[in-house]
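A.B. asks: Mind looking at a prediction? Sequence and model below.
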2 protein chains.
Amino acid sequence: MSILLDSPVDALRQYVSFPSVSADQSFADGVSGAREFACSRLKELGFEVDLIPTPIHPIILATRGDPSWPRLVIYGHYDVQPPDPLDLWTTDPFDAVERDGRLYGRGAADNKGPQIVHMSALARVFRDNPDYPLHITYLIEGEEEIGSPSFRGFLEEHKQKLQGDLLLVSDTGSPGADQLVVTTGLRGLSAMEVKIFGPKQDLHSGVHGGALLNPLQALMQACASLHDQEGRVTVPGFYDAVRPPEQWEREELAKLPITEEDYAKFLGVPEFFPPPGYSSLEGIRFCPTLEFNGVGGGYQGEGSKTVIPAEAFAKITCRLVPDQKSEDIANKVRQAIEEACPSAVRVEVELKGGGDPYVVIPPGKPGSSGQESELMKKAFSVAEDCIESGFGTRPIFLREGGSIPIIQDLKELAGLDSLMIGLFTNEDNLHAPDESFNLTIMDRAINSFEEFFKQLI
Amino acid sequence: MSILLDSPVDALRQYVSFPSVSADQSFADGVSGAREFACSRLKELGFEVDLIPTPIHPIILATRGDPSWPRLVIYGHYDVQPPDPLDLWTTDPFDAVERDGRLYGRGAADNKGPQIVHMSALARVFRDNPDYPLHITYLIEGEEEIGSPSFRGFLEEHKQKLQGDLLLVSDTGSPGADQLVVTTGLRGLSAMEVKIFGPKQDLHSGVHGGALLNPLQALMQACASLHDQEGRVTVPGFYDAVRPPEQWEREELAKLPITEEDYAKFLGVPEFFPPPGYSSLEGIRFCPTLEFNGVGGGYQGEGSKTVIPAEAFAKITCRLVPDQKSEDIANKVRQAIEEACPSAVRVEVELKGGGDPYVVIPPGKPGSSGQESELMKKAFSVAEDCIESGFGTRPIFLREGGSIPIIQDLKELAGLDSLMIGLFTNEDNLHAPDESFNLTIMDRAINSFEEFFKQLI
């Protein structure tokens, strides 16, 4: 286990050197290389490593310790996003380079760096206490960046192997090296595609315009009917199951070291447009959305072309908050769209799946059950102290706007609640050129996690 | 003038063989070849031919006869649409082939065939009466298929050369070989492009969704606000200048040998959506429209991508009817869009020009002025008889849904009213692969026009 102990940065550099792009078959060698690298590190750490086949990329399942000990499951993913556009990278995305306190490379932050943090911290723990009495199950998948299509099937088949007291995840974000966030909620997702069909082919707008309903007009009227002027979603029942944020959640959010002014500047928007009654930052974390991700139809080139298009489409995703259900919302939105479409066009709404939202109330906070496992209670408390000792500030407990559907799947099918400690930041350029991992965060996080594991037992 | 007399079809075949695609510089030889072919035919007919330079393709201006005679101006265009997609043509678009009573080739119907009809008819007239006492000015442009960008400038400079009593045009449509239409009106056009700008780059809909207004949402709400649920345009003042159709116009329209059922089948629409109070066919001819020709923004590929796009666009054209004004309508629509856009996004509406609608009331019909030139009065009356003798039915006098902005320009700047006799049909595939000209129509039309010219004087 020397590299994890001697040079975690070198370990990360090696891990990044395997181009494990799960979306592209031509990267098959990189995917298996990264998987083998992770398996080797786990074996060095004393884990018994299994590979569970899936229709695409196998899942690593590794365990160590006595099943009678408190049981922790650690999640990660060995695959990465495609590196395109390659010409926007300053250096080779798969030949990680250190610059200005960062390691640049695809996957450095998402999710290889955080995995090396966990492993290096465990290496120190096992070095000092080879019989460290925590049963640990590592679960590292290879399809996260393509939406974890095999994960639920795997879970249904192997959930008994994932019995445990808590899931540890570092695949969420924090504001920076001086302020970590413990993520207490993730939004769910509901995706669909709307297609509107009018005439059987594109028509001349002079020769035929005035006789028929333009599919773009029908599409835009149907889509526009889904929000009111203040931005509320008008789909009947859309907000019925929304759980309002606890007061402590609003207070935690207020601790975020970010001003609305800076945030607006960062986004480049003239002003915010949160749902009525919420600030912009609250809108992201506490409110569901209905977002148009792509709309198209008719002439897309330069200049003008006087055509009535034969069809038009809209790609829609809703971000969901507790206790909304993905399937329920999808059906409600579909119905609203179908009802908003005049019979002079034909409408098709294809549901594209999604996932339910997830929330965990930190033990002891208002709203918590008090029924949490001992390991979970201790972990949340110890994490707070150890993050403070590594980073100088106590973490903020916050729900996040993004979605990791497998977290709710693990809750639903394996009963696991999650402690999500965010190690990447906005500056890390996730999914973009020049992705990097902040080495100050890496160093501090290894220290914090070493202490965390040691105090946990 | 032998080819015009001996074989009009061969003349057309030769004219088509010059690929005069005005939109594409690489067809420069074809454009000049077609121009020279037209000039040669006019010279054979005894015209004095001038070429007027423009920034793109020269305009042919040719005259014959004594200026004291009644003066007729004849319009045509020697340029054609691009032939793409080439692989959908049954035979070479520029090697015209006769099949099933049609001559297939790009430009055969639009507009080379109708020009050969006029010229062949005149060839017979001049053969029988070399001193035929009608002053004729031929005006054949080479930029019609790219929107006649040089035409208005040419007109302002040379309008005195176009003084006349009537303009004859055959660049409109008719139902078929058994029923011609005399077009009495053309819709105007007003084009614009709307762009909505939100964040400075595409954003992750999980990380940022809920804080800001999605530009697609803003665009669709603004665009959807431009029509009511029944399809009326809601832009304030949009209909103010609309002149309702005369009763005789509705009656003429009712003579069109086409049923709503057949028309719906032809378009492939489940039902029509005309403005309230109008039939589908009336909607095209008597009503203005506000049509979305192209809308786009965000992810356009397969599957889904959870992005909030940085911007979105809509390409809009309005078709206008008398007495709407293109510029006035453009400004009204722009204002309505700007007012419908929340300040949380930035909106840009770029006006792309257009043209005013045109209408001519046939002399003697209700609504006509009685002040028409003698030539115009006679031409409308003689045309009706000669079309009946050539085609077996009297023509229908109808406004058309399409736009030929230069017709109103010629009215406005040169005082010319138009007699528009439609010689192409829906089956001719204008602007599409396998364009063809109906040779029955060609033959009948040459006979009718020969008689028309002879009876005119």
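C.D. replies: Thanks, I have the structure now. Numbering: from 1, shown residues only, chains lettered A, B, ... in the order given.

A.B. asks: residue contacts, the residue of the stretch 201-350 of chain A found nearest chain B?
C.D. replies: Per CB to the nearest CB, residue A:268 is where the stretch 201-350 of chain A lies closest to chain B, at 2.9 Å. For the C-beta atoms, the positions are set from N, CA and C on the backbone; glycine is no exception. Counting by CB atoms under 8 Å, 6 or more residues apart in numbering or on different chains, residue A:268 touches B:199-201.

A.B. asks: pLDDT wise, what is it at?
C.D. replies: Listed pLDDT for residue A:268 reads 94.

A.B. asks: Just give me the neighbour total for residue A:183.
C.D. replies: 29 (other CB atoms under 10 Å in any protein chain shown).

A.B. asks: Thought residue A:171 was touching it, still the case?
C.D. replies: No - between residue A:183 and residue A:171 there is no contact under CB atoms under 8 Å: 9.2 Å.

A.B. asks: Now do the shared contacts for the two.
C.D. replies: With CB under 8 Å, 6+ apart, residue A:183 and residue A:171 have common neighbours residue A:420.

A.B. asks: Most neighbours out of the contacts of residue A:268, which is it?
C.D. replies: residue B:199 (22 neighbours).

A.B. asks: and residue A:441, that one's in a helix?
C.D. replies: Yes - according to DSSP: H, G, I helix; E, B strand; the rest coil, the state of residue A:441 is that of a helix.

A.B. asks: pLDDT value on it, please?
C.D. replies: pLDDT, residue A:441: 98.

A.B. asks: next one: residue A:258
C.D. replies: 87.

A.B. asks: which non-adjacent residue is nearest it?
C.D. replies: Leaving aside its chain neighbours, residue A:258 sits nearest to residue A:175 (6.4 Å; criterion: CB to CB, 6 or more residues apart in numbering or on different chains).

A.B. asks: isn't that neighbour right up against residue A:255?
C.D. replies: No - using CB under 8 Å, residue A:175 is not in contact with residue A:255; the gap is 9.8 Å.

A.B. asks: Comparing the two, which shows the higher neighbour count?
C.D. replies: Legend: neighbour count by other CB under 10 Å for residue A:175 and residue A:255, higher for residue A:175 (18 against 15).

A.B. asks: could you list every residue that touches that one?
C.D. replies: Per CB under 8 Å, 6+ apart, neighbours of residue A:175: A:181, A:256-258, A:425-426.

A.B. asks: try residue A:145
C.D. replies: If you count contacts by CB under 8 Å, 6+ apart, then residue A:145 has A:21-23, A:77, A:79-81 around it.

A.B. asks: same question, residue A:329
C.D. replies: Applying CB under 8 Å, 6+ apart, we find residue A:329 in contact with A:190, A:235, A:238, A:288, A:318, A:320.

A.B. asks: Which ones, among the residues you listed, also lie beside chain B?
C.D. replies: residue A:288 (CB under 8 Å from any CB of the partner chain).

A.B. asks: Stretch A:222-231 and chain B, are they touching?
C.D. replies: Yes - with CB under 8 Å from any CB as the criterion, chain B is reached by stretch A:222-231 at A:223-225, A:227, A:229, A:231.

A.B. asks: Low-confidence ranges, the stretch 151-300 of chain A, go.
C.D. replies: By pLDDT under 70, the stretch 151-300 of chain A has no low-scoring segment.

A.B. asks: Mind checking which of the contacts of residue A:175 are buried?
C.D. replies: A:181, A:256, A:425 (16 or more other CB atoms under 10 Å in any protein chain shown).

A.B. asks: Can you tell me which of the residues you listed comes closest to residue B:4?
C.D. replies: The closest of these to residue B:4 turns out to be residue A:425 (CB to CB; 79.0 Å).

A.B. asks: Distance of the closest one relative to residue A:413?
C.D. replies: 31 Å (CB to CB, to the nearest Å).

A.B. asks: Over to residue A:196?
C.D. replies: From residue A:196 to residue A:413 the distance is 37 Å (CB to CB).

A.B. asks: Quick one: the helices in chain A, in order.
C.D. replies: A:2-6, A:8-16, A:28-44, A:113-128, A:151-158, A:215-224, A:247-254, A:260-267, A:280-286, A:326-340, A:374-391, A:405-414, A:439-456 (DSSP state H).

A.B. asks: Phi first, then psi, for the residue nearest to residue A:258.
C.D. replies: phi -70, psi -40 (degrees, to the nearest 10).

A.B. asks: what's the answer for the one 3 residues further on, then?
C.D. replies: The phi and psi torsions at residue A:178 (degrees, to the nearest 10) take the values phi -110, psi 0.

A.B. asks: Can you get me a residue count around it?
C.D. replies: Using other CB under 10 Å, residue A:178 has 13 other residues around it.

A.B. asks: what's the answer for residue A:202, then?
C.D. replies: Neighbour count of residue A:202, defined by other CB under 10 Å: 17.

A.B. asks: so what's it closest to, chain neighbours aside?
C.D. replies: Counting by CB to CB, 6+ apart, the residue nearest residue A:202 is residue A:307, at 4.8 Å.

A.B. asks: before we move on, the earlier item: just the buried ones out of the contacts of residue A:145, please.
C.D. replies: For these, buried by 16+ other CB under 10 Å: A:21-22, A:77, A:79-81.

A.B. asks: Select, from these, the two members most distant in space.
C.D. replies: Checking these with CB to CB, the most distant pair is A:21 and A:77, at 12.3 Å.

A.B. asks: average pLDDT across stretch A:11-25?
C.D. replies: For stretch A:11-25, mean pLDDT is 96.

A.B. asks: Any idea how far apart the tips of that stretch sit?
C.D. replies: 25 Å (CA to CA, to the nearest Å).

A.B. asks: in it, what's buried?
C.D. replies: For stretch A:11-25, by 16+ other CB under 10 Å, it's A:11-22.

A.B. asks: Pick the one among those closest to chain B.
C.D. replies: Proximity of those to chain B (CB to the nearest CB) peaks at residue A:22, which lies at 14.4 Å.
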